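Q: I need the structure of the sequence given here:
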Amino acid sequence: MAEYLLEIRLQEVPSRHLSKLLKQLATRLFEDLMGRGLGPAEVVTGMTPRRLMVCLRDLPEISAEREEREIGPAIVDAYDTRGAATEGLIGFAHRIDVELDDLCEIQTERGVYVGHVRRVAGHSLAKVLAELVPKILEELAWWPVNHEIGGPRGILSILEGDVLPFESLGVIASSTTVGHPVRSPESLEITAFKSYIRKLQRLGIEVILEDRRRALQEALEGAAKELGGVLEGDAKLLDRLVAGCEIPGVLHGEIDPDHLGLPEEILLAALCNRLGCYALRGPDGLLPVFLTVMDRVDDPAGYVRAGHERAVHGCLVDARFSYETDRRQTLAERLRRLPDHDFHPQLGSYAAKADRTQALVELACSELGWGDILEPAQQAAGLLKVDLATGIVREFPSLRGTVGGIYAREEGYVEAVWQSIYEHYAVRPIPTERAGQVVAVADRLDSLVGFLGVDQMPSGSRDPFGLRRLTQGLLRIVADGELELDLDLMAARAVLLFGDSLDRSAEELLSELQSFIADRTRHLLGQRGFAYDEIEAAEAVGAKNLPDLFARLKALQTVREDPDFRSLVLSAKRISNLVQDSPEFELKTQELAVGAESDLHEALDLVKAAVEQASRERRYEDSLRSMVQLVPHLDRFFSDVLVMDENDSLRENRIALLQACRRVFWRIARLKEMAVDKGEPAVAAD
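A: Numbering: from 1, shown residues only. Okay, here's the model as predicted:
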């Protein structure tokens, strides 16, 4: 088995392009070789800002001989009644350039056809790679023309210790690579993947992304510990730093202590988002130091550190200027300027959006019985988007909402107000304050109704306003906050608030909105681990109250593997089959026969009372376990009683008894939708 190593050296590539390029290259190599019967057992990839690497391991040195079948017309159409070839068959033979005598019958899933079987000899791996690799390089998306990347600066191509020669995009493949363009620009002779990794590691270069990530994370954590703090930053920052270097060297620099007077959120946005630096947190708050990557092992003269310190200082000076300029105006003063800022050309200004959001907040508080938070919630709704006009948000868009909350806190607004503003974009975790949850739902619902009302329904990968993500956030807040809201009612109110600004009728819009929310609800439920049949069963008896739906689903998920519950589901399926085509009959208890019929009715009365009591307290698992008590009575009923009796009165009364049982079952879920047999797999929903 053979090993092939390919490295493409580039000018320094922006990190946003790296993974896309590497995935295209590795996928094309793997798929094209598999199609030729030369698929590798393992694909190893690596990348730095200046190189892409793919190593294909355990490759067959020659592909196996194979058959290629070319299918022609069906045998009934290939020959006429005298056995002579039809024009269709003659044309097929001519098209594939064979004689009629070379054709044969081929059995397919659709029947017998006439065709040709050709034996194709195996291909040499070296020959295939020499033809395939340059073709793939030339076809990589936008590589030859994009000004940020251009073409390759060098190509390393090694097959089993020897150079595999080819030319692509004006570069001839060789057996050499180079180190860092400044620290170690000399050529390195490569014979195999192991020597390639080893020689680059001696120069401090880690090509394998996960190895570089591990080394950089350990170096950062070690430096932070030495400086008496812990890292303050997220996983995305580490991804960015890993992609932006090939030598995982770490440096630390100092921050002017005066800058620590900025709100932490602004300082972290400047350091982490803008500059790609980690802040450090000590026991008493942020420390006046930062950590970042320097793409070199050391910095003996301190030039790299000095450059970073100047950049950090300049950025924080700008942030302080924007912050202090913002604070010269109160939020109330900025509120008067909201009419000058458009939410959407057809949907009015942010001032109009604030008015609509306040109206929806009032409706939500009324539904929930939360009159005590109405005033702070409406106040927060009115100030929700004011920070969009601030200098800090223009400089750091990721701080939308956060900055408004900070400024409201500094101006002395009550916690329910500033916290609602601060968290209104949050979904993981959801806003902590009840007022914040209501405001966040109202804001998202207003946006959703507005954008769908001007024909911005997501389609395929097209979702320019992020409505799928927005709706998922809305549903998470409703479900996790246990907000028992009627979203249909709130949506209808939202439509009315837009007046004649929308392009569609209220009926059409609300119908589409209900379908869209139902689809996103099922998506969210699938993400939470509920199986498709559980979702179908629970939604069939009501999906408007999301907290209630989640509670019923959790109960179904908990008890579904209980053998007794499986028996209950089978009984529910049998009942549904018996009564599905019958109208609702009135149960005449005085006509029930002594024995199985009367015993089932007595048990049903007891179970119904227990189910209703437990369901009112949302103890749905207890409700389901109470229903299980009916199973032996149902088994005896089905064994001793002929439901479909010829006597109309007997038949209708027995059906009425089973309909009463079904109504109890449907208090939680339509149990007949549950899969219990081996032929009915229960899979996680999409």
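
Q: and the helices in the stretch 551-686 of the chain?
A: 563-579, 596-616, 620-628, 631-640, 648-665 (DSSP state H, counting those that start in this stretch).

Q: identify the residues contacting V182.
A: R296 (CB atoms under 8 Å, 6 or more residues apart in numbering). Where you see a C-beta, it was placed from the backbone N, CA and C, and this is true even at glycine.

Q: go on, L241?
A: L241 touches 216, 276, 292-293, counting by CB under 8 Å, 6+ apart.

Q: can you check L129 too?
A: 4, 159, 164.

Q: excluding its backbone neighbours, what's nearest the last one?
A: Spatial nearest neighbour of L164, excluding adjacent residues (CB to CB, 6 or more residues apart in numbering): S157 at 4.5 Å.

Q: just checking, what packs against the helix or strand containing the one you found?
A: Using DSSP states H and E, S157 falls within strand 154-159. Judged by 3 or more CB pairs under 8 Å, 6 or more residues apart in numbering; DSSP states H and E, the packing partners of strand 154-159 are strand 2-9, helix 125-139, strand 171-172, strand 176-178.

Q: before we move on, the earlier item: of the contacts of L129, closest to T81?
A: Y4 (57.1 Å; CB to CB).

Q: A74 versus that closest one, what's the distance?
A: 44 Å (CB to CB, to the nearest Å).

Q: so which bits of the strand holding S157 are buried?
A: 154-159 (16 or more other CB atoms under 10 Å).

Q: got those residues as JSON lines, with distance to F565 and pLDDT columns?
A: As requested, the buried residues of strand 154-159 are arranged in JSON lines below (distance: CB to CB, whole Å; pLDDT from 0 to 100):
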{"residue": "G154", "distance to F565": "66", "pLDDT": "91"}
{"residue": "I155", "distance to F565": "63", "pLDDT": "93"}
{"residue": "L156", "distance to F565": "62", "pLDDT": "95"}
{"residue": "S157", "distance to F565": "62", "pLDDT": "94"}
{"residue": "I158", "distance to F565": "61", "pLDDT": "94"}
{"residue": "L159", "distance to F565": "60", "pLDDT": "93"}
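
Q: just those residues now: which is nearest A656?
A: L159 (79.8 Å).

Q: residues touching the closest one, list them.
A: L159 neighbours (CB under 8 Å, 6+ apart): 2-5, 125-126, 129.

Q: of the residues you listed, which is the most crowded?
A: Neighbour count (other CB atoms under 10 Å) singles out L5 as the most crowded of the contacts of L159, with 27 neighbours.

Q: and the residue of the chain positioned farthest from its centre, helix, strand or coil?
A: In the chain, the residue that sits farthest from the middle, by CA atoms, centre = their mean, is R82; the gap is 62.8 Å. What DSSP: H, G, I helix; E, B strand; the rest coil gives for R82 is coil.

Q: distance of it relative to Q472?
A: Applying CB to CB to R82 and Q472 gives a distance of 68 Å.

Q: likewise A440?
A: 13 Å.

Q: these two: which is more packed in?
A: A440 (30 against 18).

Q: neighbours around the residue nearest to that one when sequence neighbours are not counted, how many?
A: Distances taken as CB to CB, 6+ apart put H424 closest to A440, at 4.7 Å, once the chain neighbours are dropped. Residues lying near H424 (other CB under 10 Å) number 27.

Q: for H424, give me the pLDDT.
A: What the model reports for H424 is a pLDDT of 90.

Q: same thing with T325?
A: On the pLDDT scale, T325 gets 94.

Q: let's number from 53 now, not from 1
A: OK, 53 is where the count begins now, so the last one is T377.

Q: doesn't it lie inside a helix?
A: Yes: counting by three-state DSSP, T377 is part of a helix.

Q: doesn't G443 make contact with it?
A: Yes: if you go by CB atoms under 8 Å, T377 and G443 touch, sitting 5.4 Å apart.

Q: more crowded one of those two?
A: G443 (16 against 12).

Q: quick one, strands of the stretch 253-402 of the chain?
A: In the stretch 253-402 of the chain, the segments counted as strands under DSSP state E, counting those that start in this stretch are 282-284, 302-306, 330-334, 337-345, 394-396, 400-401.

Q: JSON lines please, covering the ones you listed and showing distance to Y355 and mean pLDDT.
A: Converted to JSON lines, the strands of the stretch 253-402 of the chain look like this (distance: least, CB to CB, whole Å; pLDDT from 0 to 100):
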{"stretch": "strand 282-284", "distance to Y355": "25", "mean pLDDT": "92"}
{"stretch": "strand 302-306", "distance to Y355": "11", "mean pLDDT": "93"}
{"stretch": "strand 330-334", "distance to Y355": "21", "mean pLDDT": "94"}
{"stretch": "strand 337-345", "distance to Y355": "14", "mean pLDDT": "93"}
{"stretch": "strand 394-396", "distance to Y355": "47", "mean pLDDT": "89"}
{"stretch": "strand 400-401", "distance to Y355": "50", "mean pLDDT": "90"}
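
Q: from R333, how far out is G281?
A: 5 Å.

Q: before we move on, what about A558?
A: 52 Å.

Q: quick one: contacts for L312?
A: Counting by CB under 8 Å, 6+ apart, the residues that L312 touches are 319, 337-338, 340.

Q: kindly recompute the last result at 7 Å.
A: 338, 340 (CB atoms under 7 Å, 6 or more residues apart in numbering).

Q: give me the pLDDT value at it.
A: 93.

Q: just the helices of the stretch 603-738 of the chain: most buried one?
A: Neighbour counts (mean count of other CB atoms under 10 Å) averaged over each of these peak at helix 672-680, with a mean of 22.

Q: which residues touch it?
A: With CB under 7 Å, 6+ apart, helix 672-680 has contacts from 603-604, 607, 610-611, 616-617, 620, 659, 662-663, 666-667, 716-717, 719-720.

Q: make it 6 Å
A: 603-604, 607, 610-611, 616, 620, 659, 662-663, 666-667, 720 (CB atoms under 6 Å, 6 or more residues apart in numbering).

Q: could you redo the contacts of L181 as TSV and give each row distance to V455?
A: Formatted as TSV, the contacts of L181 follow (distance: CB to CB, whole Å):
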residue	distance to V455
Y56	53
L211	57
L216	56
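
Q: now V96, which residues is it bridged with?
A: Beta-bridge partners of V96, counted by DSSP bridges, are C107.

Q: how much space between it and I257?
A: V96 is 16 Å from I257, by CB to CB.

Q: neighbour count winner among these two?
A: Neighbour count, other CB under 10 Å: between V96 and I257, I257 has more, with 24 against 17.

Q: how about the contacts made by that one?
A: 298-299.

Q: relative to R235, how far out is it?
A: 9 Å.

Q: how about E636?
A: In terms of CB to CB, E636 sits 84 Å off from R235.

Q: more crowded one of the two?
A: Neighbour totals were compared for E636 and R235, and R235 leads with 14 against 10 (other CB under 10 Å).

Q: quick one: pLDDT of D657?
A: At D657, pLDDT is 92.

Q: where does the protein have low pLDDT?
A: Along the chain, segments meeting pLDDT under 70 span 193-203, 729-738.

Q: that older thread, pull the CA atoms of the strand holding S209 into PDB?
A: Only the C-alpha atoms of strand 206-211 are listed here, as PDB (Å, rounded to 0.1, in the frame of the first residue of the first chain):
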ATOM      1  CA  GLY A 206       5.100  26.000  -4.300                       C
ATOM      2  CA  ILE A 207       3.900  22.400  -4.500                       C
ATOM      3  CA  LEU A 208       5.300  19.400  -2.600                       C
ATOM      4  CA  SER A 209       4.200  16.100  -4.200                       C
ATOM      5  CA  ILE A 210       5.600  12.800  -2.800                       C
ATOM      6  CA  LEU A 211       4.500   9.300  -3.700                       C
END
